[in-house]
Structures are given as C-alpha cells and as structure tokens.
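*Asks:* okay, predicted coordinates and the sequence, questions at the end:
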Amino acid sequence: MKKLWKKSLVLLLALIFVVMSVLPVAASQATSYTYTLDDQENLVRTQDAYLPDRTITDLGLTDPEDMVIDENNHLYIVDTGNKRIVVFDLNTEKIIKILSGETIQSKDFKGFTTPKGIYRTNEGELYIADAGARTVYRFTKDYQYVRQYDEPTAPIFAGTNYEPSKIAVDSGNNLYIVSEGVYAGVIQLANTGEFLGYFTSNKSRLTPQQMFLKIIYTKEQEKKSEILNTLPSTFSNIYVDKEGTAYSTCMGVGDDLLKKHSTDGTNMFNNAIIASESLTDVTTDDNGIIYTSDSKGYIWIYTNAGEVIFSLGEQAMDTDISGLFSSLTTLAIDNEGNIWTADGKKGFLQSFTPTEYATTIYKALREYENGDYDEALEDWSYVLRLNQMSVLAHNGVAKAYYNDEVYDKAMEDFEIAGNRSGYSDAFWEVRNESIQKWLGTVLIVLIILILLKIVITLVDRNKVIKQKKKAIGQKLKNTPIIGEIGYAFKCAKHPIDRYYDIRVHKNGSVVVATIIYIIFFGVYMLYQTGKGFIYQYTKVEDMDMGAVIVGFFAILILFIVCNYLVTSITDGDGTLKQVYMIPAYGCIPAMICMLITIGMSYVLTYNESFILTVIMIIGVGWSIATIFEGLSTVHDYDFKSTVLSLIITVAFMLIAAIVVLVVIIMWEQLADFLLTVGKEIIRNVTGS
C-alpha cells in the first residue's frame, strides 16, 4: 500500500512539473519575435514585449494611411481608399462617426479626394491632409468644418509641389505639412495660412562613388548621371506631442531617419539613431516613449533619448496571422498603453498589449526620469532577472548607480552595456576620488626620490656610481643583440647620421630587424585589442587572426621586395638587406607611441581622447619621416626621387596583389575542375 502511495505521489509531482513547464509556452500568443540591441548594436532576440490582442476586420477599410487616438480612446482612422475618416470607439468597438462629403453639412466642404494624414489638437480640433485635393481641412471637435489651407501664395513657395500627405499642429496652431515630392523639408504654415518656411530639412550626403564622379564628370555628364541625381531621403510623417515637441520620420538611407526637433527644427538626438529605412509613422505616449512603424511590418520603440527599446512585428504578404502585416502604414497608442496598428493593404486593425517585461522597463524609465533612482534600480534589477543580458537594463542600473554616486558599480554595468560615454563619466568620478586620496602620498614619494638623488650626488663626488652606470651601459652596448636594438633607437633620434652609417659602414643587423618586426607586430595587436574599455572597440573574438597575421607580414614583405626592385631599376644604391632593415628601425617611434597610448587609455576619459590622437599622430608621423629619410639616405636619392620611388613601389604592390589574387582564383577553379573530372572518372570506372 505504501509503495502504491509513493508511486502515485511521484506520478502526481511529475504531472505537475510537466504542466508547469508547458504553461508558459502555451500562454504566449506572440506570432513574431521581439528584438533589442546588444552591446555591439546588433539586433538580438529578447522576451516578448507585446502580444497580439484584438484584431478588427469588419470596418470596411481600404488603404488606411493614418490614425490618432484621443483621451476617450476614440480612434480616428484615415480611410484613404473610401475617401472618409472613421471615428471608432475602442472601448465599445463601435463606429461613432464617419466624416465624408455626405455626413458633413457645409457648403464650403465638398468631400475628401485622397485623405492621407490626420492630427487632433489638445483642444480636440481635427486637421486632415488631403493630397488629392491639394489642401488641409480643419474641423472643430464637434466635426464642424472650419476652413482649409490651400497652397501658399508667397512668391518664395512658387514652383513647390503642394500635395499634403501628413499633418501636425503645435500649440500656436502652426501647421507642419509633409508634402509628396518635396525634398526641401517640412512645410510650415501659420494659422492664417501664411508660408513660414521649412521647419526642418534632410542633409544631403554624397557617397564615395558620387564624390568620385563629381570630380571626373563634366557639368553635362552630371546632369545625365542617374547616380548623381539620386533623390535624398524624404519625410514620411510628422507628429507633435502634447508638450509641443515635434518628431519626424523619413524614408531612405541615413542616420537621421527618426528626428526629435527643438523649436527651431534642429534635431535634438545627438547620436545616430538606429531606425528602419522605410518608416511610415511616429507617435509618443504620456511618458515620452517613442513608437514608430515601417512599411515592412515592424514596430520600433525608443526611449525619449532615442535608444532602441524593442523591435517587433514582421511582414507576411499572403498569410493572415494576427501580429503580422502585409504593409504597416500607421500606429497609435491608447490610454492603456496598447499599440494600435493598421494594415494598409488588407485594411484591418491590430492591437498589441504590453507584457510584464515591457511594462517594468517603461516603469523603470519613468522612475529614472522622475528622479526616483532607488525605485528605478529595483525595477531594472528585476528586468535583469528576466533577461540577464539586457543592455537597456544594464544601462538603467548603471545610471541609477551613477545618480546615487556609486560610481564603481556604475562602471561595471556601463561596461556590460557597452556604454563608453556613461563609463567615462563614472570613471572620471572614480579617478577624481583616487587622485584626491593618493595625491599626497605620490607627492611625498616624489620629494623623497628627489632628496635621495641630491644626497647621492653629494655623496658621490668622485662620480664612482656614475662611472659604474656608464660601464654597465657600455657593456650592454657591446652585447650583440642588445647593442643593435639600442642602435635602432638611435636611428629614430638621429636618422641622417645613423642611416648614413648603415649605407657606408654597413651597420645594422637583419636578426635585430626581424626581432623588431615581431615585437612591433605584437605591440600592434596589443594596440588593436588591449586598450582600456573606453577606447577599445574591437573584440579579439571578432578578429580573423589568420588574416591579420598574413596581411601584416604579406604587406611588409611586398613593400620590401617591390621597393628593392624599383630602386634597382632607378639606380638606387641600397641593398636588399638595407631595405629590409630600414622599416624596422623606422617603426620604433610608432611602437613607443602605441605602448604609451595603450597605457594612457586606462587612465583617460572620453573627453580626453584628443591626447591619444595627438600621441599617435606624432608617433606615426615620426616613423614615416624616419623611414622616408632612411630610404632617401640609403638609396642616395633627393626628395623628389624618393617620393617617385615610393609611388612606383605602391603601384607595383597593387599589381602584385592583383596578380596573386588572380592566380589564387584560377588555382581554385582549376582544383575544382580537376576534382570534378576525378570524381567523374571514378564514377565511370567503378560504376557507382
């Protein structure tokens, strides 16, 4: 009987375990993955931030282009294909009002032609952008027609295409209009309809190909070139939040496709914003969270500073699945924080409800903005329990620690999040505390050392210690390898004299040059991978070590051989041995500056990066000048001949590299051909 009870209990526990393990999977209704950014700004999967909720397909929408939600959870939908505005109650899921030429009784309003944009002010007035009618309509909160804003008559506006597709209005009732085919910027009109200018514009940047073509093309060729006449990114939407801050989205290529504007139109995002190239809409909630949509079916969510929080959704052209879109044209946020979207091709509405994971993140962001750092730290810590590698959470924890003046812990989380700017700020505070703590001790040690030196000088009047030091130095100088390395350092200090000795007296050593090359490569690799976190952007695991090693020594050998061959043809006096030694002896300053840079990268902040830049410029410039002087001296060239020989050397290197590449490709093709023939012969002989 006891055995039976034990077996039953074990089976019950096993059943409970299986059910509990299955429940979370079954509870998830997500039909697409949620993504966020890792510390390298790559999109990675994270927990579901939103789940598809309600799908509404019975409104008869055709090509919905835009929508907004008011404080009563009334959804205003621009039903472009049906030439109307549908007012839909999200609470009762019933249509409240339809705005069209038939329902609005006004002799001045004949109906919509191609409505594409809508905006509702804080007072409840509606502005409808109608591209087909080439105007913007204005209505009261009771849906009474007020007026329309036709094409401005200002001479400066003449010739500009006026087809309003999106509209936003600020607290002063100034209009911000996105017009189709206008690349100059967002049109700004006063409440009276007067043209005020362009609120903002996109910067036009030339690609390297375009810059090259601009140099070599004539004016006529520039006009005919499709590449040079590629249109810049175009504004796709404009939005003004309750506080009067304007946001805009663009379609195209660039790092400012999503912008947050100051009152003069300047982009307030200091850093490049990671965004889709096909953004269609932008809106914000009461907490300043920014939501955007793109035509490929993705929703992008940002903090008010432009940091990516989530990306979700997906495109599904021929499949009807909740949460997926054939074309996502617009989105809006209701009073409960749910996201409402419209599929422009299929004409249905889809809502998304936030999960606990998302609401906790939003709560932590809100607490941090309000200065409740302890509460924010608690919520961010909870997010980290859900997702230990959440970059956003580590950033939040670090910022909370920073504001609580726990700088060492802030540094740890900033480093995990890959936030070098925040890490630098925290490190500055830690360094400042360390300086204050140890400054007195360091000064005392320095004073003791100075006094010790003075005492030794006074005691050693016969210069016995100095002579012993000099004897040790001479002994090291006479040691073959160490002495030659010392000679290499002298080349950097007195290149003309030392390289003359190499040319005339045959000084220098191939063995030492080889050692210097190996040491230089080691220092170079340490420079690439071993700097302090603030200045270290390359991870060792991301490097192809084989390619780096082969590339480094291949370029070095190619330069030495090509320069020797070129100078042999152009009456240079240098031998292959001397050409081999010159770059080695000349790279000493660069190597020293790399080591200095590596060391200082651990004690300098982000704002002091110019110091490292100056050090490296000095080191590299010094090495280039030393190598140039060495080649000039050894080959007995003047300045012009040396420059010409180096240009020809580089040309020979490029030709040699191309030849090697062609040989490798041909050899691979030959190997594939021989392998195929061999397999065919074996198959014919064996019959298998």
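*Replies:* Received it, and whenever you're ready, just let me know what you need.
*Asks:* so which elements touch the helix ranked longest in the chain?
*Replies:* Looking across the chain with DSSP state H, the single longest helix is helix 639-686. In terms of contacts (3 or more C-beta pairs under 8 Å, 6 or more residues apart in numbering; DSSP states H and E), helix 639-686 is packed against helix 545-569, helix 609-635. For every residue, glycine as well, the C-beta is placed using N, CA and C.
*Asks:* now those as a markdown table including distance to residue 66 and mean neighbour count?
*Replies:* Below are the helices and strands packed on helix 639-686 laid out as a markdown table (distance: least, C-beta to C-beta, whole Å; neighbours: other C-beta atoms under 10 Å):
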| stretch | distance to residue 66 | mean neighbour count |
| --- | --- | --- |
| helix 545-569 | 50 | 15 |
| helix 609-635 | 44 | 18 |
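*Asks:* ranking these by mean pLDDT, which is last?
*Replies:* Among these, helix 545-569 has the lowest mean pLDDT, at a mean of 86.
*Asks:* quick check: angle from that helix to helix 639-686?
*Replies:* Here the directions of helix 545-569 and helix 639-686 differ by 130 degrees (axes from the mean of the first three to the mean of the last three C-alpha atoms, to 10 degrees).
*Asks:* following helix 545-569, which helix or strand comes up?
*Replies:* Along the chain past helix 545-569, the next helix or strand (assigned with DSSP states H and E) turns out to be helix 576-586.
*Asks:* if you count neighbours, what's buried in that next one?
*Replies:* 578, 579, 580, 581, 582, 583, 584, 585, 586 (16 or more other C-beta atoms under 10 Å).
*Asks:* any idea how far the fourth one lies from residue 523?
*Replies:* When distance is defined by C-beta to C-beta, to the nearest Å, residue 581 is 18 Å away from residue 523.
*Asks:* with the fifth one instead?
*Replies:* Relative to residue 523, residue 582 is positioned 19 Å away (criterion: C-beta to C-beta).
*Asks:* check the last one too.
*Replies:* As defined by C-beta to C-beta, residue 586 lies at a distance of 15 Å from residue 523.
*Asks:* hang on, the earlier thing: out of the helices and strands packed on helix 639-686, which is closest to residue 527?
*Replies:* helix 609-635 (9.0 Å; C-beta to C-beta).
*Asks:* packing partners for that closest one?
*Replies:* Helix 609-635 sits against helix 480-493, helix 495-504, helix 545-569, helix 576-586, helix 588-600, helix 639-686, with contacts defined as 3+ C-beta pairs under 8 Å, 6+ apart.
*Asks:* which of those sits closest to residue 72?
*Replies:* Residue 72 lies closest to helix 588-600 among those, at 60.5 Å (C-beta to C-beta).
*Asks:* next one, pLDDT for residue 476 please.
*Replies:* pLDDT, residue 476: 57.
*Asks:* before we move on, the earlier item: to residue 497, which of the helices and strands packed on helix 639-686 lies closest?
*Replies:* When those are ranked by distance to residue 497, counting by C-beta to C-beta, first place goes to helix 609-635 at 9.3 Å.
*Asks:* my guess is residue 315 contacts residue 324. True?
*Replies:* Yes - Residue 315 is in contact with residue 324 according to C-beta atoms under 8 Å; the separation is 6.9 Å.
*Asks:* what sits in contact with each of these two?
*Replies:* Residues touching both residue 315 and residue 324 (C-beta atoms under 8 Å, 6 or more residues apart in numbering): residue 297.
*Asks:* neighbour count for those two, which is higher?
*Replies:* Comparing residue 315 with residue 324 by other C-beta atoms under 10 Å, the one with more neighbours is residue 324, at 19 against 16.
*Asks:* now do the SS call for residue 342.
*Replies:* At residue 342 the chain is in strand, as set by DSSP: H, G, I helix; E, B strand; the rest coil.
*Asks:* again with the one 10 residues further on
*Replies:* At residue 352, secondary structure determined by three-state DSSP is strand.
*Asks:* look up the pLDDT of it for me, please.
*Replies:* pLDDT, read off for residue 352, is 94.
*Asks:* beta partners for the closest residue in space to it that isn't next to it in sequence?
*Replies:* In this structure, residue 352 finds its nearest non-sequential neighbour in residue 50, 3.9 Å apart by C-beta to C-beta, 6 or more residues apart in numbering. Beta bridges link residue 50 to residue 354 when assigned by DSSP bridges.
*Asks:* contact partners for residue 50?
*Replies:* Contact analysis of residue 50 by C-beta under 8 Å, 6+ apart lists 30, 34, 299, 310, 312, 339, 352, 353, 354, 355, 358.
*Asks:* distance of it relative to residue 594?
*Replies:* For residue 50, the distance to residue 594 - C-beta to C-beta - is 48 Å.
*Asks:* and residue 68, backbone torsions?
*Replies:* phi -140, psi 160 (degrees, to the nearest 10).
*Asks:* correct me, but it touches residue 334?
*Replies:* No - between residue 68 and residue 334 no contact is recorded; they are 10.7 Å apart, counting by C-beta under 8 Å.
*Asks:* overlap of the contact sets of these two?
*Replies:* The contact sets of residue 68 and residue 334 overlap at residue 75 (C-beta under 8 Å, 6+ apart).
*Asks:* three-state assignment of the nearest residue to residue 311 once chain neighbours are set aside?
*Replies:* Spatial nearest neighbour of residue 311, excluding adjacent residues (C-beta to C-beta, 6+ apart): residue 35 at 4.5 Å. For residue 35, the secondary structure call by three-state DSSP comes out as strand.
*Asks:* what does the one 5 residues further on give?
*Replies:* What three-state DSSP gives for residue 40 is coil.
*Asks:* okay, it and residue 611: tell me how far apart.
*Replies:* Counting by C-beta to C-beta - residue 40 and residue 611 are separated by 26 Å.
*Asks:* what do you get for residue 405?
*Replies:* Distance, residue 405 to residue 611, by C-beta to C-beta: 27 Å.
*Asks:* okay, now the sheet partners of the helix or strand harbouring residue 329, with direction.
*Replies:* Residue 329 is part of strand 328-333, with elements assigned from DSSP H and E. In the sheet, strand 328-333 lines up against strand 339-343 (antiparallel) (DSSP bridges).
*Asks:* now the partner strand: average pLDDT?
*Replies:* Average pLDDT, strand 339-343: 94.
*Asks:* break down the stretch 51-200 of the chain into its strands, ranges please.
*Replies:* Counting by DSSP state E, counting those that start in this stretch, the segments of the stretch 51-200 of the chain that form strands are 64-69, 74-79, 84-89, 94-99, 115-120, 126-130, 135-139, 145-149, 164-169, 175-179, 187-189, 195-198.
*Asks:* list the buried ones in the last one?
*Replies:* Taking 16+ other C-beta under 10 Å as the neighbour-count basis, strand 195-198 is seen to contain the buried residues residue 195.
*Asks:* give me the contact list for it.
*Replies:* With C-beta under 8 Å, 6+ apart, strand 195-198 has contacts from 152, 154, 156-157, 174, 184-190, 265.
*Asks:* so who does residue 158 touch?
*Replies:* Per C-beta under 8 Å, 6+ apart, neighbours of residue 158: none.
*Asks:* any idea how far it lies from residue 134?
*Replies:* 15 Å.
*Asks:* before we move on, what about residue 648?
*Replies:* 64 Å.
*Asks:* part of a helix, is residue 434?
*Replies:* Yes - using three-state DSSP, the assignment for residue 434 is a helix.
*Asks:* all set, thanks.
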